[in-house]
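Student: with the sequence up front, the predicted model follows.
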Amino acid sequence: MLQNTVYLIDDEPEMVELLSEAVNMIGLETRGFTQASVFFEQIIVFAKDSVLILDLNMPEMDGIEVMRRLASMDNPPALILVSGHDAGVLHSAEKLCEAHELELIASLAKPLSLEGICQLLKQYTHRTLIDESEIVKSSNIRITPSEIERAISHDELVMYYQPQVAVATGMLTGVEALVRWQHPEHGLLFPGYFIDVAEKNDLIGMLTQWIIRAVVNQEKKWQEQGMSITVSVNISAENITSLTLPEQLSKLLEDNKLDPNRLVLEVTESALMGELVTSLDILTRLRLKGLKLSIDDFGTGYSSLSQLHKVPFTELKIDKSFVGKISVDDEARAIVKTCIMLGHELNMKVVAEGVVDEETLEKLRRLGCDVAQGYYISRPVTEEKLVVWIKEHL
Ligand code: C2E
Ligand code: MG
Ligand code: MG
């Protein structure tokens with residue numbers, strides 16, 4: 001089967017022609033259409049790793065309808081969305097793309113830069129060619145609940161720690177604990193492979209307990225070495241349904257003579273969607289016992305502002321999807337700016353996650369963000385490497 005075919009749908013014939021020529025120049029096969037209905041008549045099976053450059057504004061069948069139809073087909077192409085409308089329309093289309101689980105390469109406002117499109121296509125096709133074996137290998141991994149139980153009981157899990165620094169001074173303010181699994185067959189697995197399997201199979205309570213114990217032991221070790229490091233731990237929605245959690249945690253910290261102030265629990269916005277009264281009860285008691293609470297991935301969930309105000313959060317973490325784009329996207333920058341203002345108005349510390357370069361850090365500095373976390377500062381590392389990082393950054 002043909003690889004990397006680029007399909008084009010745009011109601012302007014000149015545009016289809018122009019794009020086809022440019023894409024052919026970089027050695028990729030193209031099939032152009034000025035009507036979406038003809039596209040669906042003619043293309044029943046998509047070429048492997050194909051791409052569709054799709055105009056959203058078309059008189060007959062518009063781009064949104066095309067996306068909906070693609071979603072029900074096998075192996076749909078990855079999309080480059082194009083629109084002559086304002087950025088708001090493109091954003092909504094991006095969201096729809098995500099909801100339909102279609103792969104989005106980029107969304108672009110007209111007038112188009114042919115050079116820019118070719119660059120994107122080159123990057124994408126290069127990726128699909130070189131990473132294929134990796135993708136096949138990793139997507140074949142299916143984790144079963146019993147494997148997770150074994151991982152917990154055999155201590156196959158490992159905690160990694162990612163430094164967080166004060167934006168103004170670069171000083172370490174804390175670390176986020178992120179779980180990994182040293183799997184006997186598949187190697188080091190990221191949480192994306194197993195957290196939701198654990199959540200769906202009633203194992204997240206056990207898993208979180210293991211993680212909290214590991215973090216508490218680590219904290220104790222650091223304390224004995226004369227370091228006091230604030231650690232953030234991610235907890236899932238199911239963890240805040242257990243009414244005894246605050247007492248258990250508080251006892252664990254007391255038994256280990258640890259200051260509850262050094263532990264931050266990160267909860268995502270969507271975790272608050274369920275039984276709000278129960279989670280509010282638990283979260284409030286956790287705060288009363290001195291632990292700190294952070295709202296993670298802020299901006300991606302659906303919590304209302306009044307919910308945010310009800311829960312006694314001490315920290316707001318702006319999602320990396322916005323932070324990563326503040327240098328190139330004015331709307332992302334406006335969202336980050338607004339989150340910082342909102343957090344500060346509600347007396348929260350504001351953390352930006354996903355800081356990947358100096359430019360982003362500088363922009364955050366100008367916007368008055370408190371703390372930064374991301375690959376530019378450090379990737380998540382093992383306990384040993386963290387100590388080395390701290391010594392180098394004193
Ligand atoms: P999260 O809590 O939002 O964690 C941040 C994620 O972003 C981590 O991915 C981290 O490695 C990654 N990251 C950090 N800096 C950058 C950056 O500059 N660029 C990019 N692209 N990514 C960055 P990770 O470790 O794969 O974890 C993914 C998610 O899995 C976490 O998102 C969290 O929701 C969940 N998770 C991780 N560890 C735990 C855990 O111990 N317990 C629970 N319940 N969930 C966990
Ligand atoms: Mg987190
Ligand atoms: Mg996050």
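Tutor: It's in. Ligands and ions are numbered 1, 2, ... in the order given.
Student: only C-alpha atoms for contact and neighbour calcs from this point on.
Tutor: OK.
Student: show me where this protein has its strands.
Tutor: For the chain, the strands defined by DSSP state E occupy 6-9, 30-33, 51-55, 78-83, 104-109, 157-166, 172-183, 187-189, 231-234, 263-268, 292-298, 315-318, 349-353, 371-373.
Student: point out the most buried one among those.
Tutor: Using mean count of other Cα atoms under 10 Å, the stretch among the strands of the chain with the largest mean neighbour count is strand 371-373, at a mean of 27.
Student: can you name every helix or strand that it contacts?
Tutor: strand 157-166, strand 349-353 (3 or more Cα pairs under 8 Å, 6 or more residues apart in numbering; DSSP states H and E).
Student: make CSV out of those strands and add distance to ligand 1 and mean pLDDT.
Tutor: CSV is the format used below for the helices and strands packed on strand 371-373 (distance: least, Cα to the nearest ligand atom, whole Å; pLDDT from 0 to 100):
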stretch, distance to ligand 1, mean pLDDT
strand 157-166, 7, 98
strand 349-353, 6, 98
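Student: need these in CSV with distance to residue 95, can you?
Tutor: Converted to CSV, the helices and strands packed on strand 371-373 look like this (distance: least, Cα to Cα, whole Å):
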stretch, distance to residue 95
strand 157-166, 29
strand 349-353, 21
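Student: next, count neighbours for the nearest residue to residue 68 once chain neighbours are set aside.
Tutor: The shortest distance from residue 68 to any residue other than its chain neighbours is 7.1 Å, reached at residue 100 (Cα to Cα, 6 or more residues apart in numbering). The number of residues packed near residue 100 is 15, by other Cα atoms under 10 Å.
Student: which residues are in contact with residue 97?
Tutor: The contact partners of residue 97, taken as Cα atoms under 8 Å, 6 or more residues apart in numbering, are 67, 103, 104.
Student: kindly report the same for residue 327.
Tutor: Applying Cα under 8 Å, 6+ apart, the residues contacting residue 327 are 333, 359, 360, 363.
Student: any idea how far residue 121 is from residue 326?
Tutor: Distance of residue 121 to residue 326, given as Cα to Cα, to the nearest Å: 23 Å.
Student: could you do residue 75 as well?
Tutor: When distance is defined by Cα to Cα, residue 75 is 32 Å away from residue 326.
Student: who has more neighbours, those two?
Tutor: residue 326 (22 against 15).
Student: state the pLDDT value of that one.
Tutor: As predicted, residue 326 sits at a pLDDT of 92.
Student: excluding its backbone neighbours, what's nearest residue 70?
Tutor: Leaving aside its chain neighbours, residue 70 sits nearest to residue 76 (5.9 Å; criterion: Cα to Cα, 6+ apart).
Student: can you give me the neighbour number for the one you found?
Tutor: By other Cα under 10 Å, the residues close to residue 76 number 22.
Student: mind listing what it touches?
Tutor: Contacts of residue 76 (Cα under 8 Å, 6+ apart): 46, 50, 70, 102.
Student: over to it: give its phi and psi.
Tutor: phi -70, psi 160 (degrees, to the nearest 10).
Student: quick one: it from ligand 1, how far?
Tutor: Per Cα to the nearest ligand atom, to the nearest Å, residue 76 is found 25 Å from ligand 1.
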